[in-house]
Each structure stands twice: as structure tokens, then as C-alpha cells.
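Colleague: pasted the sequence and its predicted model underneath.
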Amino acid sequence: MDFEEFRRWIDMAERTLRSAERDMEAGDYNWACFKAHQAAEFAAKALLYGVGKPSRGHSVLRLLREASAFVEVGEKVLEHAALLDKFYVPTRYVDAWSEGTPYDYYTRGDAEAAVRAAESIIAFVKEAWRLLSGGGG
């Protein structure tokens, strides 16, 4: 178990989630959605790095499916991951949309759902880590 590496990644996840919340409050909903995805990605990678199975890539769903090799990942957590993966590209790139810009397409409701999904994944990862590490870290 690599407690230090887990801590580095989970700290980044939590900090990024707080940044997403600030963006949501400022009305920057597309950025809140993207950062919520990033927070969940960092959390999933925290778990994988912590158990010595680091993984690359940006799909939270895939990362959590990898984690299911050593911890039970519930269906709701996987649903949250799938939701967040939809925010990885179109929240940032103008050419992801035929017209307008990303901020035209995201609402406070989208941002709230994304933040809640990221919170759920971070909570899952922290609990999984607690169980796997015997409460350490």
C-alpha cells in the first residue's frame, strides 16, 4: 500500500472539487462540470496508485472498473462515473459544438449533478481506501 501516493492524489481530488464548487457559484457551469470530472478522475487514480496499480487515461468509468478487481464498486458509483465522463471533452472545446461555445450549453443543474457525482466517487474512494488499508492513510 502506497499511503503517500494515495494522499497526493486524493488531496488533488478534493482541491479540484472545491474549485468546481467555486466555478459553479460563479456561474461557470461548463468548467464546474469539467472540474468535477477531474476530481473524480484524480480520486479513482488515488485508489489505483495506492494499491500499486497505477493507470493512465481519463475515463473515470474505466478506472473504477479497473479498481473493481480488488474492491466492490457499486452500480451507483459507476453511473456517476459514466455521467462525469460525458463532461470531459465538450465542456472545454468550442469545436465540440456545431454552434455557440461550451458555456452556452451547461446549466446550474448540470453543474450540481456533476459536483454531487464527484462527491459520491470521492467518498467511495476514501471508504474503499480505509477498508483496504486497514484504516491507514
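Modeller: Nice, I can see it. Numbers count the residues shown, from 1 in each chain.

Colleague: tell me where the model's unsure across this protein.
Modeller: Flagging of the chain using pLDDT under 70 yields the residue ranges 136-137.

Colleague: mind running it again at 90?
Modeller: Flagging of the chain using pLDDT under 90 yields the residue ranges 1-2, 133-137.

Colleague: show the end-to-end separation of stretch 92-111, please.
Modeller: End-to-end distance for stretch 92-111, by C-alpha to C-alpha, to the nearest Å: 14 Å.

Colleague: who touches that stretch?
Modeller: If you take C-beta atoms under 8 Å, 6 or more residues apart in numbering as the criterion, stretch 92-111 is touched by 20, 23-24, 27-30, 32-34, 36, 89-91. In short, each C-beta sits where N, CA and C put it, glycine included.

Colleague: switch to 6 Å and redo it
Modeller: With contacts defined as C-beta atoms under 6 Å, 6 or more residues apart in numbering, stretch 92-111 is touched by M24, Y29, N30, A32, C33, F34, V89, P90, T91.

Colleague: how about it: buried residues?
Modeller: Neighbour-count burial for stretch 92-111 flags P102, Y105, Y106, D110, A111 (criterion: 16 or more other C-beta atoms under 10 Å).
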